[in-house]
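Peer 1: Need coordinates for the following:
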Amino acid sequence: MIMSRMFGLPWPLARRLSLEQLQLYRFRNALAALVIGIGVAMGLAIDLVNRSALSEFKSALASINGQADASLRAAEKEFSASVFASLQQYQANASAAPVLLKSAQMQTLKASASSAEVIDLRSTFPQGVELFGIDLFRSIYVHPQLSPNISSPEASDAWFGGNQLYASPRLWQQLEKLGIEPEGAVIRLRMEGRSEDFVIAGRLAQAGSESLVFVIDIGSLQALATHKDRLSRIDMRWTQGASSKDSPAELLDALRAKHPELMLSLIKPEDEAERMSNLSRAYRVNLAILALVALLTGVFIVQSNMQLMTARQLGSLAILQVLGTDAKSIQAFMRFQALLIGAIGSVIGLIIGSVCAWFLLSLTGGDLGAGVLKTSSRALNLPLWLLGFHASLGILVAWFGSWLAVRSLGRVTAVAALKGAQPPPWFTGKQLALSAMALACLGGCGLLLEPVEGVPLGAYICLFTWLLAGLLAMPTLVERVARSLTGPATKHPISWLAVKRANYLPQSISLSMTGMIASVALCVAVSLMISSFRLAVSEWLDHVLPADVYARIQKGEASLSPDEQLQLSQLEGLRRTEFQQVLEWPMLAERPPIAVIVRALPLKTPQDRLPITGQLLDPHPSLPSVWVSEAMRDLYRWEPGSIQRLGLLPEGSVFVAGVWRDYARQHGSIIIESSQWLRARGGHQQLEASDVSWWLTEPGRGSESLLAQLPEGLRAKLEIRSASDIRALSLELFDRSFVVTYALQAVALLIGLLGLSSTLAAQAIARTQELAMLQLLGLHPAACTRLLLLEAASSLALALLWGSMLGLALAWVLIEVVNPQSFHWSMPMRIPAGLMMLAIGGVWSIGVLSCLVLSKQLLKQPMLQSLKQDW
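Peer 2: Model (predicted):
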């Protein structure tokens, strides 16, 4: 009854008619459903991957932080243990547990101290392992899941003896795969230049379920560290009844007053999770926008499909109306067909999207290749509400795509429809042109808007409105081109027929090209952005890698001592050696820390060593001068010529002498000349170098000659690569980060090409009577084939040309607005004209060939029989 009231038809009849129509035009309907499915799949895959990765991160964070309400941290990675002593007087309001974090390299593993079988772990665990030093008695109250179960005096003595480790579940599983029972095994770890043997005493029940973590007594870990009596953080849990607002603020103010040099802050676990989410937000939003554009391309293809279905069924629908079915019921009946296509496409999209999400999670990580959010699990979170949301998007696309076509049924009477009349167009060419101009102006205004929380919403509005404006301007463009060709076309009958049709039906021809134009514009825009970015990165690498060989300390190693620096600078075959120190400094708790780079730099001509962009000022006569990245200028307003405060320096004030382009650090970096840094820090300190640059007397020798001269200790401490290797690896990582974008481009182009071919073929089928009449008047079937081929080739050429021009405009927005506002770096726009022409020519050739095949298949049918059809 509900269905009958909905359609004004008995439900069995409505269902049968709908299924027959869907089967009759199964290729076009399948294509429309596939387009919707692909759009839904891309959006769902991106969303699922990110949500699964963030869920894993939050789970690991919760398992490590346990029941801690906040963590007390300093600006630098480690701070004096005296802060914990100062905290003791406030423990009426909070339980506190000190934590020391260290990174270590896993070297060897054997079943026991006397075992002869030794397993090399360096290749199995290249990423190393995290050591969590905890206070056993205090940790029970804050994060009990980190506390090992020690039930005997012997185990207690061994714990405080310093050689006992407890492994996280995932690390335990990884060690079991090596064929040795982890409990009681002896593992050798290298930390800060020293190798030590430890005994794996057991497994933690919950902590770091997806992390590679060892837990150790904090006193033992402090004794092994280079700098004694240091802490990484103090985890705190507020006692029941303590104020959640005043107590933390009062505590932090008191500690800051007592230790002003440390720049202490309280960070909540949810703040850390939010900051991790923000790391990949801009990249994720950009991919989601591309997926949305691909989904919107489905609107145009569904619209074209429904327009043709409506035209073909107009006579049948008119008969239903004459038999008593009202116009609203007929429109609901047609809309049901579109929603059925959308539902089928959504189901396809949910299946494909879930599979793709699993594949992407294992291939590119949780950041989809951006390189900032890594995952170790392939488990997907599949919330039903999220699946329903993306499925509803697919159904809405079908509804919007059918709206104009279905509404047009009310613009023609049943009697006129029975005589073969078609509904008039909704808008004239002039109205569409004016709408296109208004949308173009609206998009230009969107470029003036500031980004909202780092997301360039105004630029995205501009992309959408300009794309829509380009599509609305297409009928006027077709009409203008057809008029300009009217004179030359009179010399050739086939050309004259094609031009006349374009003059009389510009909107119909434009409708067939909308999907292709949108796809080409999207592909050209993204391709230009990626190629411009890649060329800019390549040139940037040439600028920032002037040396022949580079080395950096391995994870978990201490900085290079003065003796080690002297030893590295006296190797044979060197003409120059430079050392560099990199520190992390949290400017704001809600943002990732910035990088402070201390290195040799010519103060008078920094542009020789840095890719300076914009204004370059002379160094300040009395203050240390710094050169900041574009992210520092955009996020923190460190403008050239301004005096800013840098908490790492005792005096604090620095002069911003210029802005440089840094593609490696999206969240901000500062460069300061090493002598000025040491002078500002008191002048008596040695640079705590973490990186080395070597210029060779014979550049072609490579890094092997240097590696052979290093003693075993330094060889294990340093990771050495040539400049060419770093360059190749960087470009490889660049290409990997855009693997998802490349897939989106290929899919969008395939959608457009299939959509155009399908629409042109459907229009040819709809014109069977016209073609039959032309044959009856003497036009040879081969000439009909040439006519269809000429129309298809010219339509495809115009779509590719206009889509490419539209793509150039969209690429300019991506390069000049979206990238600076999302990622805070700039680049010059480069147009690979030769490659673009080759790609467009290839797409045009494929499209023309497909239309040729379809046309020949069509003209093989006895078309003269169509003249006998009763309209």
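Peer 1: residues near S435, how many?
Peer 2: By other C-beta atoms under 10 Å, the residues close to S435 number 15. Using the backbone N, CA and C atoms, a C-beta is placed for each residue, glycine as well.
Peer 1: how about the nearest residue to it, chain neighbours excluded?
Peer 2: Leaving aside its chain neighbours, S435 sits nearest to L472 (5.3 Å; criterion: C-beta to C-beta, 6 or more residues apart in numbering).
Peer 1: close enough to count as contact, that neighbour and L434?
Peer 2: No. In this structure L472 lies outside contact range of L434 using C-beta atoms under 8 Å: 9.2 Å.
Peer 1: Please identify which of the two sits among more neighbours.
Peer 2: A direct count of neighbours by other C-beta under 10 Å for L472 and L434 places L472 higher, at 23 against 14.
Peer 1: And the pLDDT for that one?
Peer 2: pLDDT recorded at L472 is 88.
Peer 1: do you know how far it is from I517?
Peer 2: 11 Å (C-beta to C-beta, to the nearest Å).
Peer 1: for L477, same thing?
Peer 2: Taking C-beta to C-beta as the measure, L477 falls 10 Å from I517.
Peer 1: Please state the offset of stretch 770-782 from the chain centre?
Peer 2: Counting by C-alpha atoms, centre = their mean, to the nearest Å, stretch 770-782 is centred 54 Å from the centre of its parent chain.
Peer 1: What about K177, how many residues nearby?
Peer 2: 8.
Peer 1: which residues does the residue nearest to S435 contact?
Peer 2: Residues near L472 by C-beta atoms under 8 Å, 6 or more residues apart in numbering: L432, A433, S435, A436, L439.
Peer 1: What of Q105?
Peer 2: R122, F125, G128, V129, L189, R190, M191, Q554, K555, G556, E557.
Peer 1: out of those residues, who's nearest S705?
Peer 2: Q554 (20.6 Å; C-beta to C-beta).
Peer 1: quick one: the closest one from E453, how far?
Peer 2: Using C-beta to C-beta, one gets 37 Å for the distance from Q554 to E453.
Peer 1: quick one, which of the two is more surrounded?
Peer 2: Using other C-beta under 10 Å as the criterion, Q554 and E453 rank with Q554 on top: 16 against 7.
Peer 1: Without its sequence neighbours, what residue ends up closest to the more buried one?
Peer 2: In space, not counting the residues next to it along the chain, Q554 is nearest to E719; the distance is 5.6 Å by C-beta to C-beta, 6+ apart.
Peer 1: tally of neighbours for the one you found?
Peer 2: Using other C-beta under 10 Å: E719 sits among 12 other residues.
Peer 1: That one falls within a helix, correct?
Peer 2: No. Judged by DSSP: H, G, I helix; E, B strand; the rest coil, E719 forms no part of a helix; its state is strand.
Peer 1: Could you pull up the residues touching it?
Peer 2: By C-beta under 8 Å, 6+ apart, the contact set of E719 is A551, R552, I553, Q554.
Peer 1: Now do the helices for the stretch 401-550 of the chain: every range, in order, please.
Peer 2: Using DSSP state H, counting those that start in this stretch, the helices of the stretch 401-550 of the chain run over residues 414-418, 429-446, 457-472, 474-484, 486-489, 493-504, 506-544.
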